[in-house]
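J.: With the sequence up front, the predicted model follows.
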Amino acid sequence: MSRNRTRIVSCLAVAALCAAPTVLTAQDDLPTVAVLDFTGFMMTDAGNSAPLGKAVSSMLITELSDRDGMRVIERYRIQDILLEQRLSLSGRVEEETAQEVGQMVGAQYVIHGQVTAISDQLRLDVRAVDVETSEVLGADKVFGPTADLLTMVVEIADQFSRNLELTPPSGRVEMEPIPVRATIEFSRGVDYEDKDDPAKAMEHYRAALEIHPDYAAARRALERLESAGSDA
């Protein structure tokens, strides 16, 4: 184990103890799931990069949250706890680190992964870890065109549901592909939210919805920020 990785894991273990009063736990017998930010960026036509990994994790949280049989920790809550403990997960997350973060946020299962963008194609490498046993429940690879990102996210959610022996949703209506431009806008919105700039984040979420009005993850994020603003 490298010195840097050892330091990260040690810090996480200590932080887990310090964060005990704010740990998120399930209120019933439903399995609790945390989705960490995927790593990976996508180059735009203008030559800029968009944090696609954050968009994938947010979309996966939205997809899993709409399913019965599990409780999903909201991404912003995970980010708040990491920020509170002054921890940053940059780069690829290893199983041991994922397990420590899962303990910190009170999750029984942690999903993490990586997005690789090549031309107009994507590859998602996904791993699901049992926090208590450190068992890897699944290590899957999903490939497809960038426009089929939502379909790929649903495929990941279906596989995780099968790993937990949950029944995937049936009778799902056919999903309309999300335009790449909308995904880029959503990715930037998530990034601005992480930078504590909700105004810019909402600007990009609205831009994503203008391009693709049925973008569920963008709508959910925008409604949450608008609600938070009205409560301020």
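T.: Sure thing, it's come through.

J.: For this structure, which residue occupies the most central location?
T.: Central residue of the chain (Cα atoms, centre = their mean): S57, 2.1 Å from the mean position.

J.: ok, that residue - contacts?
T.: By Cβ atoms under 8 Å, 6 or more residues apart in numbering, the contact list for S57 reads 35-38, 75. From N, CA and C alone the C-beta is placed, and that goes for glycine too.

J.: Give me the next element, helix or strand, following the helix or strand that contains it.
T.: Assigned by DSSP states H and E, S57 belongs to helix 52-65. Downstream of helix 52-65, the first helix or strand assigned by DSSP H and E is strand 71-72.

J.: Show the secondary-structure elements that the very next helix or strand once past that next one is packed against.
T.: With elements assigned by DSSP H and E, the helix or strand that comes after strand 71-72 is helix 75-84. Judged by 3 or more Cβ pairs under 8 Å, 6 or more residues apart in numbering; DSSP states H and E, helix 75-84 is in contact with helix 52-65, helix 95-105.

J.: Deepest-packed of the ones you listed, please.
T.: Compared across those, helix 52-65 shows the largest average neighbour count, a mean of 25 (mean count of other Cβ atoms under 10 Å).

J.: Tell me what angle that one forms with helix 75-84.
T.: Using axes from the mean of the first three to the mean of the last three Cα atoms, to 10 degrees, the inter-axis angle of helix 52-65 relative to helix 75-84 is 130 degrees.

J.: in stretch 130-144, what counts as buried?
T.: 130-131, 137, 142 (16 or more other Cβ atoms under 10 Å).

J.: what's the span of it from first residue to last?
T.: This stretch, stretch 130-144, spans 27 Å end to end (Cα to Cα, to the nearest Å).

J.: again, but for stretch 32-42
T.: Its start and end residues considered, stretch 32-42 measures 30 Å (Cα to Cα).
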